[in-house]
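Asker: What follows is a predicted structure for the sequence shown.
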Amino acid sequence: MIGEALDPMDRLLAERACERLIVAFVRRLDLGDSGSVADLFTADGVWEWPQGGRRVEGREALRVYFGSRPADRLSRRMMTNILVTTDSATTATATSYLVTYRVDGYVDGMLPPRLPANVGHYEDTFQRVDGDWLLATRTVFLPFGSDTERLPAPPRDA
């Protein structure tokens, strides 16, 4: 079906499925099991960050990479301006913008507001595999960013 026009409903469903992947990615990092982010990628999926030369390829390598986040990391990402373009019944691309708030050393409770750790965008490609849409590639571009702040250790009870 490559090169053929998609039925409007099929296009809408494909776009929505890809949007859900974009949101599921950050939700899993922020609120769930970060290692499970790998399940959103194709078996040979790629995550890369050209600035800094990071590239992780393959679902198992992705599982290790995303699963290695510090246990005391608190993060919240906001995704916006998600624009999905379906190329065919089995391929699509997207650009989405992100703002990341993140600290390490988090124990509990509410923290005072902070500036974002990163502001940038993702460029994604998607493939439909066995009826499910998955990320084939995700490239992150961060024109604004800083190191992750580490909170001071909580005082010990005397």
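Answerer: The structure has been received and is ready for your questions.
Asker: give me the low-pLDDT residue ranges for this structure?
Answerer: Applying pLDDT under 70 to the chain flags residues 1-4, 158.
Asker: Would you check that Glu19 makes contact with Leu83?
Answerer: No: when contacts are counted by CB atoms under 8 Å, Glu19 is not listed as touching Leu83 (9.5 Å). Every C-beta, even on glycine, is put in place using the N, C-alpha and C of the backbone.
Asker: what do those two both touch?
Answerer: Here Glu19 and Leu83 share the contacting residues Ala94, scored by CB atoms under 8 Å, 6 or more residues apart in numbering.
Asker: more neighbours, the two?
Answerer: Comparing Glu19 with Leu83 by other CB atoms under 10 Å, the one with more neighbours is Glu19, at 17 against 11.
Asker: Quick check on the more buried one: phi, psi?
Answerer: Note on Glu19: backbone dihedrals following degrees, to the nearest 10 are phi -60, psi -40.
Asker: Which residues are in contact with the spatially most central residue of the chain?
Answerer: The centroid of the chain falls nearest to Phe25 when counting by CA atoms, centre = their mean (4.2 Å). Contacts for Phe25 (CB under 8 Å, 6+ apart) come out as 37, 40, 135, 138.
Asker: how close does the third one get to Ala5?
Answerer: Counting by CB to CB, to the nearest Å, the gap from Leu135 to Ala5 is 25 Å.
Asker: Please identify which of these two sits among more neighbours.
Answerer: Shown here are Leu135 and Ala5; by other CB under 10 Å, Leu135 has more neighbours (25 against 8).
Asker: Excluding covalently adjacent residues, which one is nearest to the more buried one?
Answerer: Residue nearest to Leu135 in three dimensions, not counting chain neighbours: Phe41, with 4.7 Å by CB to CB, 6 or more residues apart in numbering.
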